[in-house]
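[1] here is the input, now give the coordinates:
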Amino acid sequence: MTPSSAPAPASPGAPHSPGPLRRLTARGRDEAHRVASPLELFFDLCFVVAVAQAGVQLVHAVTAGHAGEGVLNYAMVFFAIWWAWMNFSWFASAYDNDDPLYRIVTLVQIAGVLVLAAGISRAFTHHDFLLVWLGYVIMRLALVWQWLRAARSAPGAERTTAVRYACGVLLCQVGWLGLVVLPGPARPWVFLVMVVAELCVPLYAERHHQTSWHPHHIAERYGLFTIIVLGETIASATVAVKSAVDEHTALTELLPIATGGLLIVFAAWWIYFVVPIHGHLRTSRRAFVWGYGHYFVFASAAAIGAGLEVAVEQAVGTAHISVLSASASVTLPTALYLLTVWALHARHFKVGVAEQLVLPVTALLVICCTFLGDWAVLATGLVSAGAVATGVVLAVRRAGRERRASAAVPAG
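    As a prediction, this is how the structure comes out:
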């Protein structure tokens, strides 16, 4: 996944070779009927445990009046979650052979995710990243094993790429130790340096040879994770509303939040999946920008759920923050989601100024909804739903114009 390198030749990857253990060879870029495997779906499901923990801690930080610190910790922890998921997903797209050894190593990576999830609360409350780092060690060492296994079966430039990935991941893992051993004021800088280093590993590794990731498979993997994160958002908001009703019976205050939250999530799903994106992922540069940009898509989608929980707690009086702060916890991640999905997806398929402006204008209106007090969440949901309706109307009109223009062209 690099912006400049020639595609790897299609190689008949070995998921159907005889024998319990198979060589870990590259799969074909044009392989037909490539879809996510049950193991990949299980992997995603376990990752959402970590996403949920990050969201819970973000809620606690915001409701306690420490929004700035909470957002910073959330960004750091979510990067660790997202980057580990992304490393696995792109590797699996190129090399998954589904033999017993591959499955076992993947289950070790899942164990690392659960260790990381267990350490998220201490990272937020005590700035203790030891358990998070240990979970990351488990995940990344398993990934290094996979790359070295791929290198063992790879020829020439492909082998060099695999070895570079393994070395890059190991060196970065040593760098992340700074979050454990260095004093608190230095940790944000360690985080920034290590983010840059991690993002540069694929650039360096694939400089002369591109791994054979599958465009349709990658698009499906990202789409499935988006659905899972949005599902976690719905679950979080539902639990928050149920708890508030059980304890306070505040239906009047909660109904607008519940309705607005549901409309936001429905619109978020619609906007993301309105067009198939795999056709856009035909060059390495496009895939590079698209894949990295999803950090903001996933983080903002998960933060919407946390924001809805904050809004519920503020509405029933258990969060000692202003209505403006509670509203912003929903509107700001929603606006970020709309803008990033537009930048990564929609703008490549919209035709004309009107279609291109729908999502950016909607994001601006959502930010304005922050100042509507108790009605901010409902207004945000209505504006998001309005963006979907507007997009559908504009697309239908464009299709009608195209049909009429096609009919007007004389045959022959």
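[2] can you tell me the SS state at L21?
    Secondary structure, DSSP: H, G, I helix; E, B strand; the rest coil: L21 is coil.
[3] number of residues surrounding P100?
    Using other CB atoms under 10 Å, the number of residues around P100 comes to 10. (Each C-beta comes from the backbone N, C-alpha and C, glycine too.)
[4] list the contacts for it?
    By CB atoms under 8 Å, 6 or more residues apart in numbering, the residues touching P100 are P20, L21.
[5] number the residues from 118 up from this point.
    Fine by me, first position is 118 from now on; the one you just mentioned is P217.
[6] run through the helices of the protein in chain order.
    155-180, 184-212, 217-242, 247-270, 273-293, 295-298, 304-322, 332-365, 368-390, 401-432, 440-461, 469-486, 493-525 (DSSP state H).
[7] show me what contacts G348?
    Per CB under 8 Å, 6+ apart, neighbours of G348: V165.
[8] would you agree H411 is in contact with R338?
    No: applying CB atoms under 8 Å as the test, H411 and R338 come out as separate, 10.3 Å apart.
[9] so between those two, which is more surrounded?
    Legend: neighbour count by other CB under 10 Å for H411 and R338, higher for R338 (25 against 20).
[10] spatially nearest residue to V222, not counting backbone neighbours?
    In space, V222 comes closest to A259 once its chain neighbours are excluded; the distance is 5.0 Å by CB to CB, 6 or more residues apart in numbering.
[11] correct me, but that neighbour touches G229?
    Yes: when contacts are counted by CB under 8 Å, A259 is listed as touching G229 (6.8 Å).
[12] check contacts around the residue most central in space within the chain.
    With distances taken as CA atoms, centre = their mean, F415 lies nearest the centre of the chain, 3.0 Å away. By CB under 8 Å, 6+ apart, the contact set of F415 is V168, F195, W199, F342, T343, V346.
[13] tell me who's in contact with the third one.
    Under the criterion of CB under 8 Å, 6+ apart, the neighbours of W199 are H411, Y412, F415, A416.
[14] if we go to 10 Å?
    By CB atoms under 10 Å, 6 or more residues apart in numbering, the contact set of W199 is F164, A167, V168, F342, Y409, H411, Y412, F413, V414, F415, A416, A419.
[15] format these as a markdown table; extra columns: pLDDT.
    Shown next, in a markdown table, are these (pLDDT from 0 to 100):
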| residue | pLDDT |
| --- | --- |
| F164 | 88 |
| A167 | 90 |
| V168 | 91 |
| F342 | 93 |
| Y409 | 92 |
| H411 | 93 |
| Y412 | 95 |
| F413 | 95 |
| V414 | 95 |
| F415 | 95 |
| A416 | 94 |
| A419 | 93 |
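[16] which of these sit farthest apart?
    A167 and Y409 (19.4 Å; CB to CB).
[17] what about these two, which has more around it?
    Each of A167 and Y409 has its neighbours counted (other CB under 10 Å); A167 has more, 26 against 16.
[18] I figured the more buried one hits A234, correct?
    Yes: judged on CB atoms under 10 Å, A167 makes contact with A234 at a distance of 3.9 Å.
[19] what residues are shared contacts of the two?
    Common neighbours of A167 and A234 (criterion: CB under 10 Å, 6+ apart): V194, I198, V249, G252.
[20] wait, which of those residues is closest to A512?
    Comparing the shared contacts of A167 and A234 against A512 with CB to CB picks out I198 as the nearest, at 34.4 Å.
[21] hang on, the closest one packs against V230?
    Yes: between I198 and V230 there is a contact at 7.7 Å, judged by CB under 10 Å.
[22] which of those two has more neighbours?
    I198 (27 against 24).
[23] separation between the more buried one and N190?
    When distance is defined by CB to CB, to the nearest Å, I198 is 13 Å away from N190.
[24] what sits in contact with each of the two?
    A171, I237.
[25] where does this protein have low pLDDT?
    Within the chain, the stretches with pLDDT under 70 are 118-136, 361, 364-367, 396, 526-529.
[26] 80 - rerun?
    Residues of the chain meeting the criterion pLDDT under 80: 118-139, 146-147, 150, 301, 353-354, 356-370, 392-402, 434, 463-468, 516-529.
[27] nothing else from me, thank you.
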